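> pasting the sequence and the predicted coordinates here, then a few questions.
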Amino acid sequence: MSLSEAPSGMACPGCIAASASLSRAGKPAGPATHEVQLALPSVHCAGCISAVERGLLALPGISEARVNLTLKRVRIKHDGQQTVESLTAALGGLGYEALPLDMVALSGTASDAAGRDLLMRLGVAGFAMMNIMLLSVAVWSGAADATRDVFHLISGAIALPTVAFSGQPFFRNAWTALRSGRLAMDVPISLAILLATGLSLWETLHSGEHAYFDAAVMLTFFLLAGRYLDHRTRAVARSAAQELAALEVPRAIRLGADGEEIVDVSSLHLGDTVLLKPGGRVPVDGLILSGESEIDRSLLTGESLPVVVGPKAMLSAGEVNLTGPLLVEVTAAGKDTSLARMADLVAIAEEARSHYTSLADRAARAYAPAVHVFALAAFVTWMWLTGGDVRVAINIAAAVLIITCPCALGLAVPAVVTAASGRLFRRGVLIKSGTALERLAKVDTVVFDKTGTLTVGAPDLVDPMRHGAAALGVASALATGSGHPLAKALAIGGRSFAKDLPEPTVSNIREVPGYGIEGQLGATPVKLGRLTWVAPEFLGKEFFALSETATWLRIGEQDPLPYTFSDALRPGAKALIQQLIDQGVHVHLLSGDTAAAVSDTAERTGIVTWQADVDPMQKAAFVRSLKAEGRHVLMVGDGLNDTAALTEADVSISPASALDAARVASDIVLMGKDLMAVSETLRIARKSTRRIQENFALAALYNVVAIPLAFMGLVTPLLAALAMSLSSITVTLNALRLR
Amino acid sequence: MNVLIFLIPVSLGLGALGLGAFMWTLRHGQYDDPEGNGARILRQDYDDAPPDDPT
């Protein structure tokens, strides 16, 4: 395919480039025996689908590749020639970051059986509703006598099986609620549906004038629609969150009797020896047998600088190995690792979290008894007025029950939450908890973590040209290829500032884990790294004692030159803090990092109150004390040291780069890098809570008008149908106004 | 009114047909990726001929 053939509907130049580099290929594939699912966070348009699918089908052994744009995933069937690693690499070559998913974790949600079940019931109720309505319109426009009875009979024949099938979710919930002695919203719903159907059947058989089959089925339909919306919002967020959980799925290189083999971490045992390559996350708790390296602990402790480790040092799962290969003896794996234990603690804390009563729950708690009382009152009143005419009394009581039944109430919350989460999902914000938006709307205090949250967690070179372009060129030539964060920052800085100059040829580059990098510039030895290693004789001299993070370059025997770094701010961090302060929200910064680093970040973002060297328990205690003052706290954090505080806070947000445990503990996950999404989330949360309240007000208003009419016995099936659909549509439209 | 004897079964039959079609689409996973389906009509990969195997 040439560039000129590129689909005109494609939105991004990257996709055009990606698909242009592909050719159509149809290699024979063996029987598809293997299935793999990969997450593709960056697919977003028709061009992406083409590029990915055709790129994959061009590989040998692949019989089917199907992109799911809604879930941002691709499902691949192949005959065993490919591995997850080779597929990820192939997609990486096409320009798409691909992440393997844990098939075991996915199998639960892949088919979404519950969603399909609801959709099927919804579909049946919808078709039945339309057909019955067709017949009802004829009755309302004046069909009489035998014709009316026949129409009612046919309606009943459609309505009975429909109610029996589609109403099951409500009946089941109502039954569970009744058995445990509670009065849930599903109780009056079930009662209304059953009473309306039963009464209509009786009326039909006795040639009665009014039958409420349409109302019963319509009630089922609208309420199921609310249920389905509710379910879908949660399913999308849940599967996305599960996808993230599955990202950590982890493989390790085990050294066995027959050499290296790649195994799942879950199959590692105590005493196994694993090889940790630089750049990889430590999958287990372990003891270093040999090798020296530096370890990035920022996710666990918040320290932004790597720690040097050597033999006999202990590693914890979740740390990142930076510079040298390490041989590690497994001391704990899987569920026993310190990481997993911490996650368990969070799970326990989660259950203990003070239960938040959602607006919907509070409304239902007030509403459900009221509905029963009204219906009973109508029954008693009309028994007394008519002198004991059960038929009239039951008819009116049923009408009251149908009218008050919360069609609009069932849609009021799901419609708004669906609209809001849909908008936020497109902005890369996942809402994991149904009540997160409501809790977020109340927030008046925000507590931030530093490393990895306000900052990217990677250092940024300060003033790259301080020693001239030539020195920078040498430094970046040495730094290229190292996995150490400072070296990476130097290499990037060098590339962007010294790109016009010829790159100096540095040969014999060797990395000394824990110390630095050395090489040869022509005949001159050059070194980049710690001062203690680069030029030990200068140690302790005043000029060379810097408080900032620094690495040193030494060319030959010249004086060493420092390059200093600061932790780069996440995009949008400054603007977000400014906006929060303008809105009168209190902002705090808590970090486990050193005072110098924290004050620097606080200054750059404009945060006034900050604390450094805070341990996890202190973080949680700080949040608790804010809550005790009556504040509503939002915690934004990413590390293991934040999890307790995330759980403690009223509502919590973590970036996608956060540790598993932190994401589990948070209500909301940010998929993108930009922190301004937090401000957008707050705005939408406040708006959606207002919409929910408006919807309740609308539903209440409609009841104020309709209940007296029903009480007086003036409600006909036509009026009930009109009122029901009108209120449901108003509520849905109001939810869609959310911008 | 005798025409109703035909019309009612016909309307019910049409409704049943629609319901059957809906159930078929649901069973075949046609609601699994609404966004992708919207995007797929824009690509020009299989404009000339359908793919050999259903992808």
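Structure's in. What do you need?
> pull the number of nearby residues for residue 39.
You didn't pick a chain, so chain A it is. Residues contacting A:A39 under the criterion other C-beta atoms under 10 Å in any protein chain shown number 21. Every residue, glycine included, has its C-beta placed from N, CA and C.
> switch to chain B, please.
Using other C-beta under 10 Å, the number of residues around B:A39 comes to 25.
> how about it, what does it touch?
With contacts taken as C-beta atoms under 8 Å, 6 or more residues apart in numbering or on different chains, B:A39 has the following neighbours: A:9, A:45-46, A:49, A:69.
> which phi and psi values does it adopt?
Note on B:A39: its backbone torsions stand at phi -80, psi -30 [degrees, to the nearest 10].
> swap in A:S293?
phi -160, psi -180.
> can you check A:L553 too?
Dihedral angles (degrees, to the nearest 10) for A:L553: phi -110, psi 130.
> thought A:L521 was touching it, still the case?
No. Applying C-beta atoms under 8 Å, one finds A:L553 not in contact with A:L521, separated by 10.8 Å.
> higher neighbour count, these two?
Taking other C-beta under 10 Å, A:L553 and A:L521 do not tie; A:L553 has more neighbours (25 against 18).
> model confidence score at the more buried one, please.
Predicted confidence (pLDDT) for A:L553: 85.
> could you do the one 4 residues further on as well?
The predicted local distance difference test score for A:E557 is 79.
> ok, the longest helix seen in chain B near chain A or not?
If you go by DSSP state H, chain B has its longest helix at helix B:4-27. Yes. Contact of helix B:4-27 with chain A (C-beta under 8 Å from any C-beta of the partner chain) involves B:4, B:8, B:11-12, B:15, B:18-19, B:22-23, B:26.
> for the longest strand seen in chain A, buried residues please.
Scanning chain A for the strand with the most residues, using DSSP state E, yields strand A:561-569. Buried residues in strand A:561-569, defined by neighbour count with 16 or more other C-beta atoms under 10 Å in any protein chain shown: A:561, A:563-569.
> just checking, next helix/strand downstream of it?
helix A:573-582 (DSSP states H and E).
> helices or strands up against that next one?
Counting by 3 or more C-beta pairs under 8 Å, 6 or more residues apart in numbering or on different chains; DSSP states H and E, the packing neighbours recorded for helix A:573-582 are strand A:586-590, helix A:595-605, helix A:676-711.
> near chain B, which residues of the stretch 51-200 of chain A?
A:53-54, A:57, A:63-71, A:116, A:119-120, A:123-124, A:127, A:130-131, A:134, A:147, A:154, A:158.
> if we use 6 Å, what do you get?
The stretch 51-200 of chain A comes close to chain B at residues A:64, A:66, A:68-70, A:120, A:123, A:127, A:131, as judged by C-beta under 6 Å from any C-beta of the partner chain.
> out of those, which is most surrounded?
Compared across these, A:N131 has the highest neighbour count, 25 neighbours, by other C-beta under 10 Å.
> what about the spatially closest residue to that residue that is not a sequence neighbour, neighbour count?
Closest residue to A:N131 apart from its sequence neighbours, by C-beta to C-beta, 6 or more residues apart in numbering or on different chains: B:G15 at 4.5 Å. Counted with other C-beta under 10 Å, the neighbours of B:G15 add up to 17.
> what of A:R631?
A:R631: 17 surrounding residues under other C-beta under 10 Å.
> next one: A:V416
Residues contacting A:V416 under the criterion other C-beta under 10 Å number 29.
> and the angle from the helix or strand where it lies to helix A:676-711?
Per DSSP H and E, A:V416 falls inside helix A:407-426. Computed by axes from the mean of the first three to the mean of the last three C-alpha atoms, to 10 degrees, the angle separating helix A:407-426 from helix A:676-711 equals 170 degrees.
> show me what helix A:407-426 is packed against.
With contacts taken as 3 or more C-beta pairs under 6 Å, 6 or more residues apart in numbering or on different chains; DSSP states H and E, helix A:407-426 sits against helix A:213-247, helix A:676-711, helix A:717-736.
> now that helix against helix A:717-736, angle please.
Using the same axes, to 10 degrees: helix A:407-426 against helix A:717-736 is 20 degrees.
> quick one: mean pLDDT over helix A:407-426.
Across helix A:407-426, pLDDT averages out at 81.
> average model confidence for the following helix or strand past it?
Scanning forward in sequence from helix A:407-426 by DSSP H and E, the next helix or strand is strand A:429-431. For strand A:429-431, the mean pLDDT works out to 81.
> could you point out which element follows strand A:429-431?
Downstream of strand A:429-431 (by DSSP H and E), the next one is helix A:436-441.
> any stretches of chain B with poor pLDDT?
In the predicted model, chain B carries pLDDT under 70 at residues B:1, B:51-55.
> kindly state the beta-bridge partners for the residue nearest the centre of chain A.
Per C-alpha atoms, centre = their mean, the C-alpha nearest to the average position across chain A is that of A:L430, at 3.3 Å. In this entry, A:L430 is beta-bridged to A:V669, by DSSP bridges.
> could you check the pLDDT of A:S688?
Per-residue confidence at A:S688 stands at 90 (pLDDT).
> distance of the closest residue to A:L94 other than its chain neighbours relative to chain B?
Distances taken as C-beta to C-beta, 6+ apart put A:G55 closest to A:L94, at 4.6 Å, once the chain neighbours are dropped. With the distance defined as C-beta to the nearest C-beta, to the nearest Å, A:G55 ends up 12 Å from chain B.
> what strand or helix carries A:G55?
Taking DSSP H and E as the criterion, A:G55 maps to helix A:46-57.
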